[in-house]
Every structure is written in structure tokens, then in C-alpha cells.
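[1] following is a predicted model, sequence given first.
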Amino acid sequence: MQEDSKRKTVRWHQAFYAGMQIELNEDADRLEFAQELILGNEPVRLDMLVIKNEDDMPTSKSIGQIFRKYNILEYKSPGDSLSIDDFYKSFGYLYLYKAITGNVDEVQITEMTLTFVCSRYPRKLIGHLKSVRKYCVEEKEPGIYLVSGAIIPVQIVLTKALLRSNYFWLTSLSDDLDNFQEIEEILKSYEPHKSDTKYRTVMDAIVKANWKKFTEVHKTMCDALEELMKEELDQRAAEGRTEGKAESILELLSDLGEVSLQLSNRIMKEDNAEILSKWLRLAAKAESVEAFEKQIGDL
């Protein structure tokens, strides 16, 4: 039971970041991607920022056709809803990014866009936008809703409603895959890209979120897919063990005080199970975060 819970620590945001890069790969030479961009000195992060080179060419896929130079994306994991407050919070982040980036008005409001990505239809939010803000919300194509009337271009993207033929990996970022054929299709599509970190990140989230179904498919699929799946399952089992230790260390340290981003990154990036075990014992006995940090520095 404990091992299962570790496997289900799904890194949805990392997977979404990788999935968006996959979907916009045709325009990768004209786009720059930044993940969880920290705004200012406080831990205020944008889920994703896409900076488009200064040209008038639209992206190949419609999800990026509203893009201007600075494009902020807010992502909600499967199971999470996009609320009215999420809408205003994201506008706050957008204005903050504009205000603190570069020189005065270097980032111009006319060069910005905002995209919300979620799996559930945000009925209350869309109702609010129409009735209170008097915005027009129109479905441009399956899963992509344009919001007209705001100071900048805004769109709401529903991953479950996107055309799977156009957005295979974003539509696959789900925790409720419902048939074996869909899972086998994902595995076959992944196989030629399994050495690519972006695809591995997306696949990691999909497998962990649908662990039971993947293991069931593993019992019945063809030899070639079985070999691929065995490699993935074995690796994820090992990663789940080290990741679980790292998260336990951070949980213990958070009870002692604030954990710096640098220390958190060091712990999460450590993949040596023996070292993580030592750190876990130290964290359990540490009197402060600073004391723990000094001890692991002396090892």
C-alpha cells in the first residue's frame, strides 16, 4: 500500500510543461519556454511562460494562435477546477510579471496573452465572465474557448475536449483512462520517443495516475509492448522509492522551518537511495533546517 501511494505522486505540472513543448514542437525554434517562473523575491510562480519571437507568423497549432510576445499559461491538474478566483489570480500574476520585468513598460500589455488549461468545464467561471464581466466566450474549435472583452487575448483550453488527433499528449494527460486500446495507443506513440526527457516526463505522469490499468494492460499486451512496459514499470518503481524518500525529507524539514528553493532542489534531484536514507535519518533528528543543511554539507 505504501509503495502504491508513492507511485501515485503525479507531477502534473512538469508533465503539462513537457506536453505543451511537444504540442508546439513544430514552432520550437521560434518559442522559448520557462517553467514555474519565480516572480520577484517571493515564491510567486507562473505555471508556464512562452515567449514568442517577434514575428507575425502564427503557431502551427491553434492552441498558440492567440500568442503574442509574452504568453502566460495557468494549468489545473486533472481533478482540479478552474475557479473565478483562479481567473483573477492569474491576471494578478500577469500584471505583476509586466510590472517587474525589465525597464518601465518594457513588457507592454499589448504584447501579452493569458491561457487557462484545465480538464473540467469551468461552468461557474464562464457564467461569471458572461453575466458579470459581459465578456463573450466562444468555442473556436473543440476544447478551445476564446474570451473576448478583456484587455488582452484570453483563452480557456479543455484538455478532455481537444481533438485527440491534434493534441495527442495533452489529451492523454488524464487520471481516468478508460480503455486498454487507449493505453496501448499511448504506449505505441511513446516507444519511438522514450529517450526524450519531455516524453518521459509526460509518460511518467500518465502511468502513475493510471497505474492499475497500465499494469493490467501489461499482462495482456503483445511481446514488444510488454518489453517496453516492463522497462517503464521497473524504472518507475525505483524512482518511486527514491522520490518518496526525498518527499519525506522535505516534509520533516518543513516542520522545522522554511526550506530554501536551493535545498529543496538538491534533495529532489538526489537519486542515490543510500544517500537519501542517510539524509532522512538526519532530517528526523535535526533541530533546524540550517543544522540539517550543514550536516549534509559535511558528509
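    Thanks, I have it.
[2] how are the strands of the stretch 101-250 of the chain distributed by residue range?
    Counting by DSSP state E, counting those that start in this stretch, the segments of the stretch 101-250 of the chain that form strands are 112-118, 136-141, 144-148, 154-158.
[3] possible to save these as TSV with mean pLDDT, mean neighbour count and distance to Tyr167?
    Backbone N, C-alpha and C define where each C-beta goes, glycine included. Output for those, formatted as TSV (pLDDT from 0 to 100; neighbours: other Cβ atoms under 10 Å; distance: least, Cβ to Cβ, whole Å):
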stretch	mean pLDDT	mean neighbour count	distance to Tyr167
strand 112-118	97	22	11
strand 136-141	97	13	11
strand 144-148	98	19	10
strand 154-158	98	22	9
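[4] mind putting those into TSV with distance to Asp105?
    Below are the strands of the stretch 101-250 of the chain laid out as TSV (distance: least, Cβ to Cβ, whole Å):
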stretch	distance to Asp105
strand 112-118	12
strand 136-141	28
strand 144-148	24
strand 154-158	21
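[5] do you know which of the ones you listed lies nearest Glu290?
    Glu290 sits nearest to strand 112-118 of all these, at 38.6 Å, using Cβ to Cβ.
[6] what's that closest one packed up against?
    When contacts are defined as 3 or more Cβ pairs under 8 Å, 6 or more residues apart in numbering; DSSP states H and E, strand 112-118 sits against strand 70-75, helix 84-100, strand 154-158.
[7] can you list the strands that that strand pairs with?
    Strands adjacent to strand 112-118 in the sheet, as given by DSSP bridges, are strand 70-75 (parallel), strand 154-158 (parallel).
[8] could those be laid out in JSON lines, adding distance to Lys212?
    Listed next are these as JSON lines, based on distance: least, Cβ to Cβ, whole Å:
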{"stretch": "strand 70-75", "distance to Lys212": "25"}
{"stretch": "strand 154-158", "distance to Lys212": "25"}
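[9] tabulate the helices and strands packed on strand 112-118 in CSV, adding columns for distance to Ser174.
    Below are the helices and strands packed on strand 112-118 laid out as CSV (distance: least, Cβ to Cβ, whole Å):
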stretch, distance to Ser174
strand 70-75, 14
helix 84-100, 20
strand 154-158, 12
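[10] any idea how far apart the tips of stretch 172-180 sit?
    Stretch 172-180 stretches 13 Å from its first residue to its last (Cα to Cα, to the nearest Å).
[11] just to revisit the earlier point, would you tell me which of the strands of the stretch 101-250 of the chain gets closest to Thr9?
    Nearest to Thr9, of all these, is strand 112-118, at 20.7 Å by Cβ to Cβ.
[12] what angle do that closest one and strand 144-148 make?
    Here strand 112-118 points in a direction 140 degrees away from that of strand 144-148 (axes from the mean of the first three to the mean of the last three Cα atoms, to 10 degrees).
[13] I'd guessed Ile151 sits against Thr110; true?
    No: checked against Cβ atoms under 8 Å, the pair Ile151 and Thr110 is beyond contact range at 9.0 Å.
[14] which of these two has more neighbours?
    Between Ile151 and Thr110, counted using other Cβ atoms under 10 Å, the more crowded position is Ile151 (12 against 8).
[15] which residues does that one contact?
    Each residue near Ile151 by Cβ atoms under 8 Å, 6 or more residues apart in numbering is listed here: Ile109.
[16] need the pLDDT of it.
    Among the per-residue scores, Ile151 shows a pLDDT of 94.
[17] and it, its phi and psi?
    Here is the backbone geometry of Ile151 (degrees, to the nearest 10): phi -70, psi -20.
[18] check Ser174 too.
    Backbone dihedrals for Ser174, given as degrees, to the nearest 10, come out at phi -140, psi 160.
[19] low pLDDT regions in the stretch 151-299 of the chain?
    By pLDDT under 70, the weakly predicted segments of the stretch 151-299 of the chain are 218-243, 298-299.
[20] please, where are all the helices along it?
    In the stretch 151-299 of the chain, the segments counted as helices under DSSP state H, counting those that start in this stretch are 168-172, 180-190, 197-209, 211-220, 223-254, 261-269, 273-285, 289-298.
[21] nearest to Arg123, of these?
    Ranking the helices of the stretch 151-299 of the chain by their distance to Arg123 (criterion: Cβ to Cβ) puts helix 168-172 first, at 20.5 Å.
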